[in-house]
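Chemist: Okay, sequence plus prediction incoming.
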2 protein chains.
Amino acid sequence: MSDIDLQLVKTYLLDLQQRICEAFSSIDGSQFSTDQWQRSGGGGGCSRVLESGAVIEKGGVNFSHVFGNQLPPSATASRPQLAGRSFEALGVSLVIHPQNPYAPTSHANVRMFVAEKPGSDPVWWIGGGYDLTPYYGFTEDVIHWHQTAKRACDPFGADIYPRFKKWCDDYFYLKHRKEARGVGGLFFDDFNQGDFDSVFALLRAVGDSYLEAYLPILKRRKNLVYGERERNFQLYRRGRYVEFNLVYDRGTLFGLQSGGRTESILMSLPPQVNWQYDWEPTADSPEAALYTDFLPHQDWI
Amino acid sequence: MSDIDLQLVKTYLLDLQQRICEAFSSIDGSQFSTDQWQRSGGGGGCSRVLESGAVIEKGGVNFSHVFGNQLPPSATASRPQLAGRSFEALGVSLVIHPQNPYAPTSHANVRMFVAEKPGSDPVWWIGGGYDLTPYYGFTEDVIHWHQTAKRACDPFGADIYPRFKKWCDDYFYLKHRKEARGVGGLFFDDFNQGDFDSVFALLRAVGDSYLEAYLPILKRRKNLVYGERERNFQLYRRGRYVEFNLVYDRGTLFGLQSGGRTESILMSLPPQVNWQYDWEPTADSPEAALYTDFLPHQDWI
């Protein structure tokens, strides 16, 4: 069995953050700003943000490496045997909100967690995934997104993609709307099947395939002509994104409630959002198609 | 001791809703739409909404009267002795988001709750209050708001206003921002000191004084000249309103998680909102004054 090597993970994550920012900068023509920050409880991070770009209305790509003497209660709720252990967590988390309503919002996250106690083996696991939130659905985009996700997972077992795909559908769901946040992708947590090398390889496969999954879609949609109607629908649908992140997302809520860096956590919120009372799309419109043809959970492969 | 009379409360609340809508319609020039709705668990309500008015960008005044066989868990968490009782709840809840950034957002709520069990006396209490969320602070407005609140409470005991004022400061607080939502006002819950007549009189005093507290402020500020700078600050600050309602507000979260009518619950969210990464007001600006002179808790009388 191979030993865990967090330095290797850190090097990978910082390089991933850099590659992702470079790819988006090259498409957008604008640069990401860089904010280094420290966490009072231990550790810190680097938030990279691009706002009001030509293609990206708001994008944030966050690296963080935090540690502490005691696992937070939210992390031990489902793992009581780990209470009291010290911990170390490393991850990259990103959200891209494009300007063009035909280009979907995307989110990705890869993280590794280690819980330690003197005299015991460290307990460690990975989590993350990526999911897509279109405003206007394009079947070929969603198929490409899921095929890329599946290709990234397949070397690690035929059960991985279906499991993480279903997990994603279950997780990114707005119960109060009875509605999926988007068309899904991959989601996983507490994953540690296998030795460090193979688990770290899966983490990299997910991280590395994100750009491959998203960039072709962004490139195809970023210059489509749109008007006020499409923009209004995008701003309205972004409300659902806010509702999910603030009401349900465990990472967001844990971060806000445990004294994380608020501006880095809420980097995920869209730049402009509208709420309109009891709005419904007209029947058989492209807006209605999002609800009828794309948001319902389905097999996209 | 006087018996509780929910029909009396219902008549009062429906009249209050009507008077409030008429007052705002008369200032705005637009009418509120009316949505009657049923709740599958029992009861229903009437949502009245005004959007894109000349003065009010979005306003919702909601009446609801719901009942059920069993108090929801969130209501018995702090009152375990009531678990299993049937319940009936009546209330009016409203939020007004004006167009003009110099006019503050206001929120008010009055509600009565009854928990019953055959063979036992009914247990009942009231809750509610009102609070003000300015974008640009005007000392005379905040003093008027709090003086009106105090005048409404004083007949019921000298301790009522200070107690409800502090409760409001404590409740409408964004822990992750270390920031008050606004300049406060009144908040109370589980209140049943005295007999039905006097408690219902306090509920009416709070309900009736809301317009008296808010209308003079709205009238003074609704026509002030403003530009893009003030509008942007308003849209940015509205993000805090969303953060509070979706992350902390018990009524919102309980409603969303227990199958309430989503559109009526989220009527409180502003029509247009912006989030900008790590924005700070420039020192000594009117925007900075909100943070330094108005949001910190203080005695406004």
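Modeler: Looks like it arrived, so ask away.

Chemist: which non-adjacent residue is nearest residue A:151?
Modeler: The shortest distance from residue A:151 to any residue that is not its chain neighbour, by C-beta to C-beta, 6 or more residues apart in numbering or on different chains, is 7.1 Å, and that residue is residue A:209. For glycine as for every other residue, the C-beta is placed from the backbone atoms N, C-alpha and C.

Chemist: For the one you found, which residues are in contact?
Modeler: For residue A:209, the contacting residues are A:148, A:149, A:151, A:152, taking C-beta atoms under 8 Å, 6 or more residues apart in numbering or on different chains as the criterion.

Chemist: give the contact list for the last one.
Modeler: By C-beta under 8 Å, 6+ apart, the residues touching residue A:152 are A:186, A:205, A:206, A:208, A:209.

Chemist: what about 7 Å?
Modeler: Contacts of residue A:152 were listed using C-beta atoms under 7 Å, 6 or more residues apart in numbering or on different chains, and they are A:205, A:206, A:209.

Chemist: What is the nearest of those residues to chain B?
Modeler: residue A:206 (25.5 Å; C-beta to the nearest C-beta).

Chemist: Look at the closest one and say how many residues are nearby.
Modeler: Using other C-beta atoms under 10 Å in any protein chain shown, residue A:206 has 26 neighbouring residues.

Chemist: Quick check, it in contact with residue A:109.
Modeler: No: if you go by C-beta atoms under 7 Å, residue A:206 and residue A:109 don't touch, sitting 9.0 Å apart.

Chemist: any shared contact partners between those two?
Modeler: Contact criterion C-beta under 7 Å, 6+ apart; residues bridging residue A:206 and residue A:109 by contacting each: A:128, A:129.

Chemist: Check for me that residue A:89 belongs to a strand.
Modeler: Yes: assessed with DSSP: H, G, I helix; E, B strand; the rest coil, residue A:89 lies in a strand.

Chemist: From chain B, how far out is it?
Modeler: In this view, residue A:89 and chain B are 19 Å apart by C-beta to the nearest C-beta, to the nearest Å.

Chemist: Equivalent analysis for residue A:208, please.
Modeler: According to C-beta to the nearest C-beta, residue A:208 and chain B sit 26 Å apart.

Chemist: again with residue A:54
Modeler: Between residue A:54 and chain B the computed distance is 18 Å (C-beta to the nearest C-beta).

Chemist: Any residues of the stretch 201-301 of chain A in contact with chain B? List them.
Modeler: Within the stretch 201-301 of chain A, the positions lying close to chain B (C-beta under 7 Å from any C-beta of the partner chain) are A:242-243, A:246-247, A:256, A:262-263, A:266-267, A:269-278.

Chemist: Mark which of those residues are part of strands, please.
Modeler: Assigned to strands by DSSP state E, the following of these qualify: A:272, A:273, A:274.

Chemist: Show me the one in those residues that has more neighbours than the rest.
Modeler: The most neighbours of any of those, using other C-beta under 10 Å, belong to residue A:273, which has 28 neighbours.

Chemist: my guess is it meets residue A:239, correct?
Modeler: Yes: under the contact definition of C-beta under 7 Å, residue A:273 touches residue A:239, with a separation of 5.3 Å.

Chemist: picking up where we left off before, counting only helices, which of the contacts of residue A:152 make the cut?
Modeler: In this view, the contacts of residue A:152 that belong to helices under DSSP state H are A:205, A:206, A:209.

Chemist: show me where the stretch 51-200 of chain A has strands.
Modeler: When assigned using DSSP state E, counting those that start in this stretch, the strands of the stretch 51-200 of chain A occupy the ranges A:56-68, A:86-98, A:105-116, A:123-133, A:173-174, A:179-180, A:184-191.

Chemist: I'd like a version of the ones you listed in TSV, one that adds mean neighbour count and mean pLDDT as further columns.
Modeler: Supplementary listing: the strands of the stretch 51-200 of chain A in TSV, determined by neighbours: other C-beta atoms under 10 Å in any protein chain shown; pLDDT from 0 to 100:
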stretch	mean neighbour count	mean pLDDT
strand A:56-68	22	95
strand A:86-98	23	95
strand A:105-116	22	95
strand A:123-133	22	96
strand A:173-174	18	96
strand A:179-180	20	98
strand A:184-191	22	96
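
Chemist: and those strands as a markdown table, adding distance to residue B:68?
Modeler: Written out in a markdown table, the entries for the strands of the stretch 51-200 of chain A read as follows (distance: least, C-beta to C-beta, whole Å):
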| stretch | distance to residue B:68 |
| --- | --- |
| strand A:56-68 | 42 |
| strand A:86-98 | 39 |
| strand A:105-116 | 37 |
| strand A:123-133 | 35 |
| strand A:173-174 | 24 |
| strand A:179-180 | 25 |
| strand A:184-191 | 34 |
